[in-house]
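Asker: From the sequence below, what's the structure:
(one chain, ligands or ions: 1)
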Amino acid sequence: MRHESVPIYWRNIPHYYRLVARRCKKCGAVYFPPVVRCRCGSRELENVELPHEGRLIEYTVLHQVGTDFLKQKPLIIGLVELSNGVRVTGQIVDAQPDKLTPGTKMEVVFRRVIVDGRHGLVMYGYKFRPVGGI
Ligand SMILES: [Zn+2]
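Answerer: Numbering: from 1, shown residues only. As a prediction, this is how the structure comes out:
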């Protein structure tokens, strides 16, 4: 990463604190992660912010994780249906895997995902946690 990219990162920070999807202006389909072309063929998509709460559909627990995630072992990955019906996959934090069940109320939180020690950069991204903790 070149030095001049640091200000660009800081300028983009608000982006990391929102869940932004793309919605087709023609048929209304919502995509997360965002896409450039809708399945209806339209390329006219607009940004929409997704709700920050939903329910757990299913989850899986990873015991073998990459070195970047060793401190978070085991890693819980869940599929959450947000309150507007959009389904999003993400890491689940602040939860004990054996206490999670489909239907558990979840909320979006923004947590550190990467620390780049060489450049002092800290990247944030969305994760899910059970509402009220379990
Ligand atoms: Zn469409």
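Asker: what residues does the protein put near the ion?
Answerer: Within the chain, the positions lying close to the ion (C-beta under 5 Å from the ion) are 24, 26-27, 29, 38, 40, 42. For glycine as for every other residue, the C-beta is placed from the backbone atoms N, C-alpha and C.
Asker: Which ChimeraX command selects the buried ones in the residues you listed?
Answerer: The following ChimeraX line selects those of these that are buried, judged by 16 or more other C-beta atoms under 10 Å:
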select :24,38
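Asker: From the chain's centroid, how far away is the longest strand along the chain?
Answerer: Ranked by residue count, the top strand of the chain under DSSP state E comes out as strand 105-116. Centre-to-centre, strand 105-116 and its host chain are 7 Å apart (C-alpha atoms, centre = their mean, to the nearest Å).
Asker: moving C-terminal of it, what's the next helix or strand?
Answerer: Note on strand 105-116: by DSSP states H and E, the next helix or strand toward the C-terminus is strand 121-130.
Asker: just checking, what packs against that following strand?
Answerer: Other helices and strands packing on strand 121-130, by 3 or more C-beta pairs under 8 Å, 6 or more residues apart in numbering; DSSP states H and E, are helix 13-16, strand 87-92, strand 105-116.
Asker: quick one: that strand to strand 87-92, angle?
Answerer: On the basis of axes from the mean of the first three to the mean of the last three C-alpha atoms, to 10 degrees, strand 121-130 is oriented at 110 degrees to strand 87-92.
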